[in-house]
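Asks: Return atomic coordinates for the entry below.
(chains A and B)
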Amino acid sequence: AQSVTQLDSQVPVFEEAPVELRCNYSSSVSVYLFWYVQYPNQGLQLLLKYLSGSTLVKGINGFEAEFNKSQTSFHLRKPSVHISDTAEYFCAVSGWGAAGNKLTFGGGTRVLVKP
Amino acid sequence: GAVVSQHPSWVICKSGTSVKIECRSLDFQATTMFWYRQFPKQSLMLMATSNEGSKATYEQGVEKDKFLINHASLTLSTLTVTSAHPEDSSFYICSVPPDSNYGYTFGSGTRLTVV
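Replies: Model (predicted):
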């Protein structure tokens, strides 16, 4: 079984300030990790993913995340946010092998960028 | 990358009627598709996994007779909400398994409102 916890349900932040969205996971198998963004009434857009290799992953729109196996975390960061970054962000995990390809989502973090 | 087309984008139906939602893979063959449900301000919950040529696999607590899933071909999966009730009002999103380059790809979602 696998689970994902996003520690903050809402994060207000001022424009051009940095932001960090926290994500912790648990899994009995090795995992793939993802961050998605969702704008109102739209599907999900992939920001970045960790499959293997370098633990620092760079994604689109200036976002990056760091995989920390010992802390089972995959926190998302952006050094300077824009108004257009206002959206819902989901951390997700997928297991390998026999666990199948099911994607388990965290509860989401709503980012509100203020001018 | 992979493209998934989901229709309709939104639908309003009367209580007791049935609604069909389609999910198509446009440029590749998908033997498996996932169906998620998202209630307002909540995360995505996996409802079922559709498999081309065989029965769908439903998650615990999802009513098989209410949410009929058909994977008629390698490019089309459908979700039919039968005898819809207001509590079925939700955002439904389909997805295909991960591509090594692009991760999971999602449809644009369907907003169902039952009145």
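Asks: Just after the helix or strand hosting B:Tyr104, pick out the following helix or strand.
Replies: For B:Tyr104, the element it lies in under DSSP states H and E is strand B:103-106. Sequence-wise, the next helix or strand downstream of strand B:103-106 (DSSP H and E) is strand B:110-114.
Asks: Just list what that following strand packs against, helices and strands only.
Replies: strand B:10-13, strand B:19-25, strand B:90-99 (3 or more CB pairs under 8 Å, 6 or more residues apart in numbering or on different chains; DSSP states H and E). Where C-beta positions appear, they are placed from N, C-alpha and C, glycine not excepted.
Asks: right, so the ones you listed: which one is the most enclosed?
Replies: strand B:90-99 (a mean of 22; mean count of other CB atoms under 10 Å in any protein chain shown).
Asks: check contacts around the residue nearest to A:Glu16 when sequence neighbours are not counted.
Replies: Setting aside the residues directly before and after it, A:Glu16 is nearest to A:Ser80 in space (CB to CB, 6 or more residues apart in numbering or on different chains), at 5.0 Å. Contact analysis of A:Ser80 by CB atoms under 8 Å, 6 or more residues apart in numbering or on different chains lists A:16-18, A:62.
Asks: Show the end-to-end separation of stretch B:98-115, please.
Replies: 36 Å (CA to CA, to the nearest Å).
Asks: no wait, stretch A:26-34
Replies: Using CA to CA, one end of stretch A:26-34 lies 14 Å from the other.
Asks: Stretch A:51-60 now?
Replies: The straight-line separation of the ends of stretch A:51-60 (CA to CA) is 16 Å.
Asks: Next, the buried residues of stretch A:19-26.
Replies: Neighbour counts over stretch A:19-26 (16 or more other CB atoms under 10 Å in any protein chain shown) mark A:19, A:21-25 as buried.
Asks: so of these, which ones are in strands?
Replies: A:19, A:21, A:23-25 (DSSP state E).
Asks: contacting residues for the closest residue to B:Ala30 other than its chain neighbours?
Replies: Excluding its sequence neighbours, the residue lying closest to B:Ala30 (CB to CB, 6+ apart) is B:Val96, at 4.6 Å. By CB under 8 Å, 6+ apart, the residues touching B:Val96 are B:2, B:4, B:25, B:28, B:30, B:32-34, B:104-105.
Asks: hmm, which of the residues you listed are the buried ones?
Replies: Here, 16+ other CB under 10 Å leaves B:2, B:4, B:25, B:30, B:32-34, B:104-105 buried among the contacts of B:Val96.
Asks: nearest to chain A, of those?
Replies: Nearest to chain A among those is B:Tyr104, at 5.6 Å by CB to the nearest CB.
Asks: wait, the closest one sits on A:Leu46?
Replies: Yes - counting by CB atoms under 8 Å, B:Tyr104 touches A:Leu46, with 7.4 Å between them.
Asks: Name the residues contacting each of those two.
Replies: Common contact partners of B:Tyr104 and A:Leu46 (CB under 8 Å, 6+ apart): A:Phe34.
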